[in-house]
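J.: Everything below, folded, please.
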Amino acid sequence: TGHRPIVSEPELIHPAWQYCFPPGTLVVAERGVVAIEDLALSDRLYDQGGLLQPIRRLVRRPYNGQLVSISCRKVLPLRCTPDHEILTGIVTGIAGNRRLTRLQWKRAAEIRAGDWLIVPKLSQDAEQPLTDPVMAYFYGRFVGDGSTTLYKEGPNRRGHVRITFGHREWQVAEDLLGIASQYGGAHIISTPGALQLQFGRTQLAREFRTRFGAGAATKRIPPDVMGAEPKIIKEFLRGYYEADGWKHGAEYEASTISIGLAIQLQLLITRLGALPTLYPDKRAKMMRILGRQAQVRDRWRIRIISSDSPAVFDESTPRRYRRAYYVHGPDGFAVPVKETGRHDYAGDVYDVQTFGSLLVNNLVVHNCGHPDRVGWLGKDRVILDWKHVSSVDVQAGRLQLAAYRMAWNALCPTEPVSRCFLVHLPTNGD
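T.: Numbering: from 1, shown residues only. Next up is the predicted model:
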């Protein structure tokens with residue numbers, strides 16, 4: 001079945017199961033940033049602590065009502081149903097001396113401009129992390145300005161990998177030629193517009209597509225880099241920003257047409273104690289490039305402001321720098337809400353059940369089952385309704401309750417039920 005979910009026959013789900021996201025919502029998973037409708041039970045998702053958690057349940061159901069949209073500084077906006085809970089922070093102090101004192105969950109409908117939402121600090125270590133700083137720089141250059149080519153030549157399929165450099169980067173290309181030589185067929189090609197380091201054969205091109213994405217719009221960072229040590233991450237970022245970025249004074253900025261890569265880069269940099277700004281760069285659909293009209297795509301920019309650049313690139317703090325629009329605390333980064341809105345929506349929405357929380361556009365949101373109203377019943381069916389419950393902790397399909405009085409309604413609910421589709425994959429009897 002691969003990563004594509006199977007949609008089962010309709011089942012009855014309690015109305016409390018109403019924490020949902022529309023299709024196209026981007027969830028941060030171990031294999032990259034994935035649209036919520038493309039998640040599978042084999043995926044692991046990053047949570048509030050920057051750690052990876054398995055998925056327990058995926059649900060798709062029809063919805064006709066309002067969605068809440070929330071726009072914050074530093075991150076991309078998100079949309080969800082009004083009752084979905086989002087992690088917020090209590091921030092005290094004045095500008096330049098603010099502190100993140102505690103966290104609390106709040107319904108999306110209750111969030112207002114001036115509230116603070118949470119981006120976690122990435123803390124998950126890879127099972128087999130990248131340890132070679134030279135290879136990390138090499139990968140950074142490829143993610144920034146590399147490509148793979150697969151083509152047919154007679155009855156055979158051919159391929160190779162390329163990394164592009166500017167003409168002034170001849171020495172850098174020659175330095176990396178030694179690394180590329182281990183893959184075979186490495187050589188530098190000089191064209192009127194650039195230098196190209198070409199190496200590898202068909203199998204390597206396929207491997208690079210699997211690890212880094214098949215094209216510019218699907219570029220991603222592999223798990224062994226996301227879970228590497230800070231010094232390795234810094235070398236990867238140095239390679240990426242040298243390939244696809246630029247520097248303004250003490251600030252660094254890069255752009256990409258891969259929204260998934262942009263979100264991953266932002267989360268990766270949190271591991272170094274900084275939070276870059278991620279924002280869209282809307283451009284004209286047609287532009288004149290090298291004398292010809294060409295169709296162009298929107299891009300996303302990742303800016304590291306001057307107050308954060310010392311943590312990322314080991315530079316000295318500039319005498320004059322721009323202050324960050326976030327508050328760094330032990331639980332992550334608090335970013336201010338700029339505005340909220342509502343709009344009508346009719347169509348499918350998706351639920352994700354994990355063991356706690358997940359990241360949407362790097363913001364911490366609660367898993368889609370309300371902790372005080374929905375729990376597990378056996379392995380497959382979900383439908384319990386609690387009242388007067390003080391806390392519910394769902395782990396490994398079992399319930400751990402701390403409650404004074406519980407009135408429950410499981411098999412014959414008295415409240416109306418809504419019809420939904422359970423999305424799942426076979427899991428070898430698990």
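J.: next one: phi and psi at the residue of the chain positioned farthest from its centre?
T.: Distance from the C-alpha centroid of the chain peaks at residue 154, with 40.6 Å (CA atoms, centre = their mean). Backbone torsions of residue 154, given as degrees, to the nearest 10, read phi 70, psi -130.
J.: The one 5 residues further on too?
T.: Note on residue 159: its backbone torsions stand at phi -170, psi 160 [degrees, to the nearest 10].
J.: what's the spacing between it and residue 140?
T.: Distance, residue 159 to residue 140, by CB to CB, to the nearest Å: 22 Å. C-beta coordinates here come from the backbone N, C-alpha and C atoms, glycine included.
J.: So between those two, which is more surrounded?
T.: Per other CB atoms under 10 Å, whichever of residue 159 and residue 140 has more neighbours is residue 140, with 25 against 18.
J.: Are we agreed that the more buried one is in a strand?
T.: No. Counting by DSSP: H, G, I helix; E, B strand; the rest coil, residue 140 falls outside a strand, being helix.
J.: can you give me the strands in the stretch 1-150 of the chain?
T.: Taking DSSP state E, counting those that start in this stretch as the criterion, the stretch 1-150 of the chain carries its strands at 6-13, 26-29, 32-35, 44-46, 52-54, 57-72, 78-80, 85-92, 99-107, 116-119, 146-153.
J.: Of these, which shows the lowest average pLDDT?
T.: Comparing mean pLDDT over the strands of the stretch 1-150 of the chain, the weakest stretch is strand 6-13, at a mean of 36.
J.: Next SSE downstream of the biggest helix by length in the chain?
T.: For the chain, the helix with the greatest residue count under DSSP state H is helix 230-244. Downstream of helix 230-244, the first helix or strand assigned by DSSP states H and E is strand 245-248.
J.: partners of the helix or strand following that following strand in the sheet?
T.: Note on strand 245-248: by DSSP H and E, the next helix or strand toward the C-terminus is strand 251-256. Strand pairing for strand 251-256, using DSSP bridges, gives strand 245-248 (antiparallel), strand 299-304 (antiparallel).
J.: follow-up on the earlier one: indicate which one of the strands of the stretch 1-150 of the chain is closest to residue 179.
T.: Closest approach to residue 179 among these (CB to CB): strand 146-153, 12.6 Å.
J.: other SSEs contacting that closest one?
T.: Judged by 3 or more CB pairs under 8 Å, 6 or more residues apart in numbering; DSSP states H and E, the packing partners of strand 146-153 are strand 156-165, helix 202-212.
J.: Please tell me I have it right and residue 352 contacts residue 28.
T.: No. Using CB atoms under 8 Å, residue 352 makes no contact with residue 28, being 11.6 Å away.
J.: Mutual contacts of the two, please.
T.: Shared contacts of residue 352 and residue 28 (CB atoms under 8 Å, 6 or more residues apart in numbering): 45, 358.
J.: For residue 263, which of the strands of the stretch 1-150 of the chain is the nearest?
T.: Of those, nearest to residue 263 by CB to CB is strand 32-35, at 4.8 Å.
J.: buried set for that closest one?
T.: Residues of strand 32-35 classed as buried: 32, 33, 34 (neighbour count, 16 or more other CB atoms under 10 Å).
J.: Kindly provide the distance from the first one to residue 327.
T.: It stands for residue 32. Going from residue 32 to residue 327 by CB to CB gives 28 Å.
J.: about what we covered before: dump the helices and strands packed on strand 146-153 into CSV; add mean pLDDT and distance to residue 230 as well.
T.: Output for these, formatted as CSV (pLDDT from 0 to 100; distance: least, CB to CB, whole Å):
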stretch, mean pLDDT, distance to residue 230
strand 156-165, 93, 24
helix 202-212, 95, 21
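J.: Residue 246: which of the ones you listed is closest?
T.: Residue 246 lies closest to strand 156-165 among these, at 14.9 Å (CB to CB).
J.: What helices and strands are in contact with whatever helix or strand comes next after the closest one?
T.: Counting by DSSP H and E, the element after strand 156-165 in chain order, helix or strand, is helix 170-181. With contacts defined as 3+ CB pairs under 8 Å, 6+ apart, helix 170-181 has these neighbours: helix 133-145, strand 156-165, strand 187-190, strand 195-199.
J.: on that earlier part again, tell me the confidence at the residue farthest from the centre of the chain?
T.: As predicted, residue 154 sits at a pLDDT of 80.
J.: Could you do residue 166 as well?
T.: So residue 166 comes in at 93 (pLDDT).
J.: List the contacts of residue 67.
T.: 22, 79, 80, 81, 82, 342, 343, 344, 345.
J.: can you pull the contacts of residue 208?
T.: So residue 208 contacts 142, 146, 148, 161, 200 (CB under 8 Å, 6+ apart).
J.: nearest residue to the first one other than its sequence neighbours?
T.: Spelled out, it's residue 142. Excluding the flanking residues, the one nearest residue 142 by CB to CB, 6 or more residues apart in numbering is residue 163, at 5.4 Å.
J.: Residues in a beta bridge with that neighbour, which ones?
T.: Note on residue 163: beta-bridge partners by DSSP bridges are residue 146, residue 197.
J.: who are the neighbours in contact with it?
T.: For residue 163, the contact set (CB under 8 Å, 6+ apart) comprises 141, 142, 145, 146, 173, 176, 180, 196, 197, 243.
J.: right, and out of these, which lies closest to residue 301?
T.: Nearest to residue 301 among the contacts of residue 163, counting by CB to CB, is residue 243 at 15.1 Å.
J.: so what's the closest residue in space to the closest one that isn't next to it in sequence up against?
T.: Nearest residue to residue 243 in three dimensions, chain neighbours excluded: residue 144, at 2.8 Å (CB to CB, 6+ apart). Shown in contact with residue 144 (CB under 8 Å, 6+ apart): 239, 240, 241, 242, 243, 244, 245, 254.
J.: Just to check, the fourth one is in contact with residue 141?
T.: Yes. Checked against CB under 8 Å, the pair residue 242 and residue 141 is within contact range at 7.0 Å.
J.: who has more neighbours, the two?
T.: Comparing residue 242 with residue 141 by other CB under 10 Å, the one with more neighbours is residue 141, at 25 against 20.
J.: show me what contacts that one?
T.: Counting by CB under 8 Å, 6+ apart, residue 141 touches 163, 176, 239, 240, 242, 243.
J.: for those residues, which one is nearest residue 111?
T.: residue 240 (33.2 Å).
J.: Please tell me how far the closest one sits from residue 75.
T.: As judged by CB to CB, residue 240 and residue 75 stand 20 Å apart.
J.: again with residue 174
T.: For residue 174, the distance to residue 75 equals 39 Å [CB to CB].
J.: more neighbours, those two?
T.: Neighbour count, other CB under 10 Å: between residue 174 and residue 75, residue 75 has more, with 23 against 13.
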